[in-house]
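> Dropping the sequence and predicted coords here.
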Amino acid sequence: MTLSAPELATPTAGAPERPATAGPGRRWNAQAVLAVLPAGLLVVVAIVGPFVVPYPPRDVVAAPDLPPNAAHWFGTDSAGLDVFSRTVASTSNDLLIALLTAAVATVAGILIGLLVGMNEARRGPVGFLARGLSRTLDLAQAVPAIVVGLVLVGFFGASIPSLVAALAVVLTPNQGRLVRTEVLRVRGEAYLDAARLAGERPFRMVLRHVLPNSAWPALENATLVFGSAIVLTAGLGFLGVGLPPPTPEWGTMIAVGAPSAAAGRWWAALFPAIALAVSVFAMSALGRRLFRDG
């Protein structure tokens, strides 16, 4: 028997209708919590950790190279420093550097991308400057980030402000290129032509229309910049040009613990390496949740 359209649309009698928020919505909420929770715990450790660690992270507290035990959960390094206390205290320094770097690189990248994208096709000195800046961004992407960081930190010295400045110089070009690409797309949209015909001033038009529609790639990429800043900070510390000892920092700890790990005393290098990997994973998961998964 052929059913009519109304009959097809009518639910089967006695079958309960599924609410709109069933199943997938709840699983989505659970996934959101699992994505945000590691980053939240990381922030809590960074804020509270230095005040609750069992030993001063800069002081010798026991014999060198003690394995993990009840008194020293992560053991001690070759200088007799408590590895657990230093690993927790390092979270504040590394996350502060990464947060400041991500903020500076994102803001600078948005401004540079807007400047280049809106003026690249113009004639005269402004257009020449914009095109030159665009080529500079391309050239900066070709130079290994760690090399640029080594040069800048070696020239200005190792401190949190100098590390932030060096890493921002390294990571800003990619942010600027992302925004530039979007500006070039948005610049040809019909609503901008309508704004021009309505007599809207260029600066106001950029703020109201171009900026909101072009900045999102840099904002989406900010969590990846954050993770890259953590890895580069650790890399500079591992190479000996990071924060000066005994300042707790994961890369420096890994460098100090590497010779001991080669001799079988693995704990001094393993735990800060795990903390570094967990931090990058947590921020990547947060970025996917906020921007890619909606």
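Perfect, thanks for sending it.
> Not counting its neighbours along the chain, what's nearest L270?
A261 (7.1 Å; Cβ to Cβ, 6 or more residues apart in numbering). For glycine as for every other residue, the C-beta is placed from the backbone atoms N, C-alpha and C.
> State the pLDDT value of that neighbour.
Here the pLDDT value assigned to A261 is 90.
> residue contacts, it?
By Cβ atoms under 8 Å, 6 or more residues apart in numbering, the contact set of A261 is A268, A269, L270.
> okay, these in CSV with pLDDT, secondary structure and distance to V53 next?
As requested, these are exported to CSV (pLDDT from 0 to 100; DSSP: H, G, I helix; E, B strand; the rest coil; distance: Cβ to Cβ, whole Å):
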residue, pLDDT, secondary structure, distance to V53
A268, 94, helix, 16
A269, 94, helix, 19
L270, 95, helix, 18
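> Can you tell me which of those residues is closest to A285?
L270 (22.2 Å; Cβ to Cβ).
> how close does that closest one get to A145?
25 Å (Cβ to Cβ, to the nearest Å).
> coming back round to it: keeping just the C-alphas, turn the helix or strand encompassing the residue nearest to L270 into CSV.
Element membership for A261, per DSSP states H and E: helix 250-262. Taking C-alpha atoms only, helix 250-262 is exported to CSV below (Å, rounded to 0.1, in the frame of the first residue of the first chain):
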residue,chain,number,x,y,z
TRP,A,250,61.5,22.6,31.4
GLY,A,251,64.0,22.8,28.6
THR,A,252,66.9,23.6,31.0
MET,A,253,65.8,20.7,33.3
ILE,A,254,65.8,18.3,30.3
ALA,A,255,69.3,19.5,29.3
VAL,A,256,70.6,19.1,32.9
GLY,A,257,69.0,15.6,33.2
ALA,A,258,70.0,14.3,29.8
PRO,A,259,73.6,13.2,30.9
SER,A,260,72.1,11.4,33.9
ALA,A,261,69.4,9.8,31.7
ALA,A,262,72.2,8.4,29.5
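> In the chain, where is pLDDT below threshold?
1-32, 35, 193, 291-294 (pLDDT under 70).
> got the residue ranges for the helices in it?
5-9, 24-52, 83-119, 124-142, 145-156, 160-186, 190-197, 202-205, 211-214, 216-238, 250-262, 267-287 (DSSP state H).
> P244: which of those is closest?
Here helix 250-262 is closest among the helices of the chain (Cβ to Cβ), at 8.5 Å.
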